[in-house]
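In: pasting the structure only:
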């Protein structure tokens, strides 16, 4: 006889028995041991027909292809930047994936972007060894201007964004701040100092209470209370064009300098592979 | 640290509205709890906002130094535990931990608050050695001040163990406090750009230019100073910072005294 | 052999000392816990998975679990414990990692490390077990994939009596009594043993009796661990529902009402 011991949205801990019997199937966050289905991390139960899975409540960011994230420059190499993406793994952003400008090999790319600067970018590839490729040339991707970057648990990001962005929209409207949320748990925001304080507090509250049902209403009421009577100026619209990386040299070929070599070139300095210029001059064909 | 980040911190300070809503000269909430380690002769836990620090006092009998045959000894040690921050590593004390220990040490030693002669048991042979260890538990900025408060609270909470001839019975504690008549306190004041603040957040500590640790006694006299950071301070800066430190020390002192009463 | 019929502190033979367990006590860490049993207390903090240095320690097949156990200088029963590397702490760090590894799954994190730091503010025997209990809680709190938690307790013998959770006095009973100290850690769902050490002289029969008692005690500890994790979220839920009832808190000049306001 199959039996389920938990309800939807219940908090369960590692080792907790979720169900007995072969009628149920273990999803993400659960495993089968003998007849039982057991939780293998701390999470919220999510029952989908016969599958029991867990929504993670904690855990550091695991980079995923397609994610839009905030990354910070850790190191400037020859033709690429090594980026901190708030996980156990660093990422490479080659200059050809950062700007449509032509950048001659050997140029000092720190003129485009220095250590400590941050960008909104996209993860284009993650290898099995968790080497990460980034790209910031796509639409809506750009350098981040002056602002605050806070770190929240990446598992809470969906809650902070809300259904179709409704939660983050609410924060932006009420506090007058520009807010950009990275899937890796880094959030950039800028507004008036007072607006930022409220925005940061509210985001931290959502992070804290993400597992609570009815949170949207609680946050809505909280924002209304806290912003009451305050005249929070709305932040300037982000001019994403001016935030694109540009050396002022003007555009080169739209695909950038040709790139040789594969994904195996992740040494410390982030060197680009040497370009093959054909056989040495004077060599016999 | 990046220019945009630094500019943003300074903008907040310009409007006296820091990232957590505080004014430039506001502390986060300070909580002091004593007796958090039964094995220490005296102990205290101090939280400033989310920063948590524990201090413990151990007493032992030693031979005095030859040039101070009738005086006891005192030593401060600080551990910036990797437990408390992503950026602290295991291993011998970093220069940050060493500076912290020595600055808090001087703030207590130079204040003359502890009567070292009262620590003498037998001149030239046996004196009490007081060692105070401060361990960081969570680093959310301003471990400096938390360490100083915790050390002093632990020293004030400390009681002598029973002495049976030559043997210390650590399990039997007496009611006798350490001979410490004052409450010396080291308060660190920070300069970022042209703004002066106390109790920095981590984000503010990352972009500071200079800091001045000012240790003072109950009567408002200064007993130790330490300038840190790689940027200079003007004479006017020093005057302002000492004033702020003395004012804050006065307020915190009341809190320590309330916490160690009884 | 002398008889031990009444425990020094009056506990039943299979009774653990009072336990206090709290999760999420170190905000900077990815996961953390505080575990206190009798007068032995331990903090544990988990950082990771994060980048692992030095590179030669990296394992391309899965992440590394690294434990560091340390007694605070004022946590010893007598003299101060000089800070710094000591052999006992290194060994305990090793057996702690071995006790936790069997449940932890870091296959999704090649070349990375999960660092577990255990620090004890005070000790009264059973410190490595308290450390393991705290570490296990901290790992769960950090969202690490683990098939179960690990619970630990020190069992043993005083005289001819099997006892659970020896305190310092029982480890050195005097009065002609001999003690045997057996720290044990167990995976609650399977009963498998992940830590087993022993100091003393014991017959095989008594050893098996003690191990059985130890397993039972660990199950009791695990119930407390699970409750501590649940309580963190239950408390947060309660907090959330009370937010809207609070008076208006303007963002400017946040006033804190608790005593200890260092601002005038």
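Out: Cool, got the structure. Note that the coordinates shown come from a computational prediction; the quantities given were computed from them, not determined experimentally. Residues are numbered from 1 along each chain as shown, chains lettered A, B, ... in the order given.
In: Which helix runs longest in the chain?
Out: You didn't say which chain, so I picked chain A. Secondary structure of chain A per DSSP state H: the longest helix is helix A:193-208.
In: nope, chain C
Out: The longest helix of chain C (DSSP H) is helix C:204-243.
In: and that helix, what's its mean pLDDT?
Out: Taken as a whole, helix C:204-243 carries a mean pLDDT of 96.
In: thinking again about what came up before, in the longest helix of chain A, what's buried?
Out: A:193-203, A:205-208 (16 or more other CB atoms under 10 Å in any protein chain shown). (C-beta placed from N, C-alpha, C; glycine too.)
In: and the angle for the longest helix of chain C with helix A:193-208?
Out: 140 degrees (axes from the mean of the first three to the mean of the last three CA atoms, to 10 degrees).
In: and helix C:204-243, is it in reach of chain A?
Out: Yes. For helix C:204-243 and chain A, the contact criterion (CB under 8 Å from any CB of the partner chain) is met by C:222, C:226, C:229, C:230, C:233, C:234, C:236, C:237, C:239, C:240, C:241, C:243.
In: Excluding chain neighbours, give the residue nearest to the fourth one in space.
Out: Take residue C:230 and drop its neighbours on the chain: the residue closest to it by CB to CB, 6 or more residues apart in numbering or on different chains is residue A:11, 6.2 Å away.
In: Okay, now the unreliable bits of chain A?
Out: A:247-285 (pLDDT under 70).
In: Which parts of it are helices?
Out: Using DSSP H, helices in chain A cover A:157-161, A:166-175, A:193-208, A:215-227.
In: Kindly report the same for chain C.
Out: With helices called from DSSP H, chain C shows them at C:87-100, C:127-141, C:168-171, C:204-243.
In: tally of neighbours for the residue of the stretch 151-264 of chain C at minimum distance from chain A?
Out: Residue nearest to chain A within the stretch 151-264 of chain C: residue C:240 (4.1 Å; CB to the nearest CB). By other CB atoms under 10 Å in any protein chain shown, 21 other residues sit near residue C:240.
In: Contacts only, for it.
Out: With contact set as CB atoms under 8 Å, 6 or more residues apart in numbering or on different chains, residue C:240 has these partners: A:208, A:209, A:212, A:215, A:218.
In: Compare the residues you listed and tell me which is most surrounded.
Out: residue A:209 (22 neighbours).
In: and the gap between that one and residue A:218?
Out: As for residue A:209, its distance to residue A:218 is 7 Å (criterion: CB to CB, to the nearest Å).
In: In the host helix or strand of residue B:161, which residues are buried?
Out: For residue B:161, the host element (DSSP states H and E) is strand B:159-164. Judged by neighbour count using 16+ other CB under 10 Å, the buried positions of strand B:159-164 are B:160, B:161, B:163.
In: what's across from the nearest residue to residue C:199 once chain neighbours are set aside in the sheet?
Out: Sequence neighbours aside, residue C:181 is the residue nearest to residue C:199 in space, at 4.7 Å (criterion: CB to CB, 6+ apart). Beta-bridge partners for residue C:181, by DSSP bridges, are residue C:156, residue C:199.
In: who's in contact with residue C:181?
Out: Residue C:181 neighbours (CB under 8 Å, 6+ apart): C:125, C:154, C:156, C:166, C:171, C:198, C:199, C:200.
In: at 7 Å what do you get?
Out: By CB atoms under 7 Å, 6 or more residues apart in numbering or on different chains, residue C:181 lies in contact with C:154, C:156, C:166, C:171, C:199, C:200.
In: so can I have TSV of those showing neighbour count?
Out: Output for those, formatted as TSV (neighbours: other CB atoms under 10 Å in any protein chain shown):
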residue	neighbour count
C:154	27
C:156	28
C:166	28
C:171	18
C:199	12
C:200	14
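In: can you redo those residues as CSV with pLDDT?
Out: Output for those, formatted as CSV (pLDDT from 0 to 100):
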residue, pLDDT
C:154, 97
C:156, 95
C:166, 96
C:171, 94
C:199, 90
C:200, 91
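In: just these now: which is nearest residue C:53?
Out: Nearest to residue C:53 out of the contacts of residue C:181 is residue C:154 (CB to CB; 34.6 Å).
In: distance of the closest one from chain B?
Out: Distance, residue C:154 to chain B, using CB to the nearest CB, to the nearest Å: 18 Å.
In: Could you do residue C:185 as well?
Out: For residue C:185, the distance to chain B - CB to the nearest CB - is 21 Å.
In: That residue contacts residue C:192, correct?
Out: No. Contact between residue C:185 and residue C:192 fails when scored by CB atoms under 7 Å: they sit 9.7 Å apart.
In: Compare those two (neighbour count), which wins?
Out: Ranked by neighbour count (other CB under 10 Å), residue C:185 and residue C:192 place residue C:185 first, with 28 against 14.
In: which ones are touching residue B:43?
Out: If a contact means CB under 7 Å, 6+ apart, then residue B:43 has B:34, B:35, B:36, B:37, B:55, B:56, B:57, B:154, B:157, C:74 as its contacts.
In: quick one on the thing from earlier: can you tell me what sits against the longest helix of chain A?
Out: Taking CB under 7 Å, 6+ apart as the rule, helix A:193-208 contacts A:148, A:150, A:152-153, A:156, A:159-160, A:167, A:171, A:175-177, A:179, A:187, A:189, A:191, A:215, A:219, A:222-223, A:226-227, A:230, A:232, B:11-12, B:15, B:17, B:19-21, C:236, C:251-252.
In: Just the buried residues of those residues.
Out: A:148, A:150, A:152-153, A:156, A:159-160, A:167, A:171, A:175-177, A:179, A:187, A:189, A:191, A:215, A:219, A:222-223, A:226-227, A:230, A:232, B:11-12, B:17, B:19-21, C:236, C:251.
In: Just read off the phi/psi values of residue A:185.
Out: phi 90, psi 0 (degrees, to the nearest 10).
In: Could you tell me which residues of the stretch 1-150 of chain B lie near chain A?
Out: For the stretch 1-150 of chain B, the residues in contact with chain A (CB under 7 Å from any CB of the partner chain) are B:1-2, B:4-5, B:7-8, B:11-12, B:15, B:17, B:19-21.
In: With chain C instead?
Out: So chain C meets chain A at C:30-31, C:48-51, C:60, C:108-112, C:140-149, C:188-189, C:226, C:229-230, C:233, C:236-237, C:240, C:243-244, C:248-252 (CB under 7 Å from any CB).
In: Of those residues, grab the buried ones for ChimeraX.
Out: Buried members of the residues of chain C next to chain A, defined by 16+ other CB under 10 Å, are picked up in ChimeraX with:
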select /C:30,31,48,49,50,109,110,111,112,140,141,142,143,144,145,146,147,148,149,188,189,226,229,230,233,236,237,240,243,250,251
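In: Now intersect the residues of chain C next to chain A with the strands, please.
Out: Taking DSSP state E, the ones among the residues of chain C next to chain A that sit in strands are C:31, C:48, C:49, C:50, C:51, C:112.
In: Just flag the most distant two among those.
Out: Spatial extent of these (CB to CB) is set by the pair C:31 and C:51 at 17.5 Å.
In: If I look at the closest residue to residue C:202 other than its chain neighbours, what pLDDT would I see?
Out: Distances taken as CB to CB, 6+ apart place residue C:180 nearest to residue C:202, at 4.8 Å, with adjacent residues excluded. At residue C:180, the model reports a pLDDT of 96.
In: isn't residue C:180 right up against residue C:156?
Out: Yes. Look at residue C:180 against residue C:156 with CB under 7 Å: they come within range, at 4.6 Å.
In: Can you work out which residues contact both of those two?
Out: Joint contacts of residue C:180 and residue C:156 (CB under 7 Å, 6+ apart) are residue C:200.
In: All good on my end, thank you.
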